[in-house]
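**Student:** predicted model follows, preceded by the sequence.
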Amino acid sequence: MADFCSTVWPEIPTPNNYLNCKECGLYKQGTRMVWGEGNPEAPIMVILDNPGAREDKEGNPTVCGTRQTLQKAAFEVGLKMSDLYITYILKRRPVRKYDKEFTRNICMQHLEQQLISIKPSLIFCLGNVAVQSFFRNQNAEVKSFRGKWHNVQGYLTMVAYHPLAVRRRPNLWPYFLDDWKVFAERYQKH
Ligand code: SF4
């Protein structure tokens, strides 16, 4: 098998009518909109809390640590970029304090619209923020929800740790990889 090497996956363009979205006020923090990355027609939707940096300080394309770890897990279980549509609870990256509940509730409406138009076959929620928002359950936690399938709003869903948490705590990597394996096995069969 070829060695893993992270790459910049294509960005899924933000729909024109949301390019200047100011609904939650996060635009004041100066980060740009990122609607998603990967394949816009992929059967798997991966949901993270918010986009990581896609450009470094000089404006050159970069793959943040979150995406590197996510791509590595996908690679290890035989999933390709073309299998995955990565998106976020918030479409802008917060860089300062903000009203989390208010902001997530507003931006979740965009995710609901994505779900209706994309109709993914399987959903993978990574990290507590994504899980709590998507499950609409503030008590939901990856630790207790991982390792099994859930039906959320009619979508077959699994959860796993946030890739950045895995990066910071390498002892989580085996759990993370196990969850990706279970996920990929179901996908191969579907
Ligand atoms: S985070 Fe969501 S609601 Fe807030 S400005 Fe971006 S798209 Fe709009």
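**Tutor:** On my side now, so go ahead.
**Student:** for Y161, which residues are in contact?
**Tutor:** 126-127, 142, 146, 172, 175-176, 179 (C-beta atoms under 8 Å, 6 or more residues apart in numbering). Where you see a C-beta, it was placed from the backbone N, CA and C, and this is true even at glycine.
**Student:** enumerate the residues of this protein near the ligand.
**Tutor:** Counting by C-beta under 6 Å from any ligand atom, the chain comes close to the ligand at 18, 21-24, 26-27, 33, 90-92, 106-107, 110.
**Student:** for these, which one is nearest D49?
**Tutor:** L90 (6.8 Å; C-beta to C-beta).
**Student:** got a pLDDT number for the closest residue to Y27 other than its chain neighbours?
**Tutor:** Nearest in space to Y27, with sequence neighbours left out and distances taken as C-beta to C-beta, 6 or more residues apart in numbering, is R92 at 6.7 Å. Note on R92: pLDDT of 97.
**Student:** next up, the contacts around R92.
**Tutor:** With C-beta under 8 Å, 6+ apart, R92 has these contacts: 26-27, 29, 31-34, 50-51.
**Student:** got phi/psi on it?
**Tutor:** For R92, the backbone dihedrals (degrees, to the nearest 10) come out as phi -120, psi 150.
**Student:** likewise K181?
**Tutor:** Residue torsions, per degrees, to the nearest 10, at K181 are phi -60, psi -50.
**Student:** repeat for the one 5 residues further on
**Tutor:** Dihedral angles of R186 (phi, psi; degrees, to the nearest 10) stand at phi -60, psi -40.
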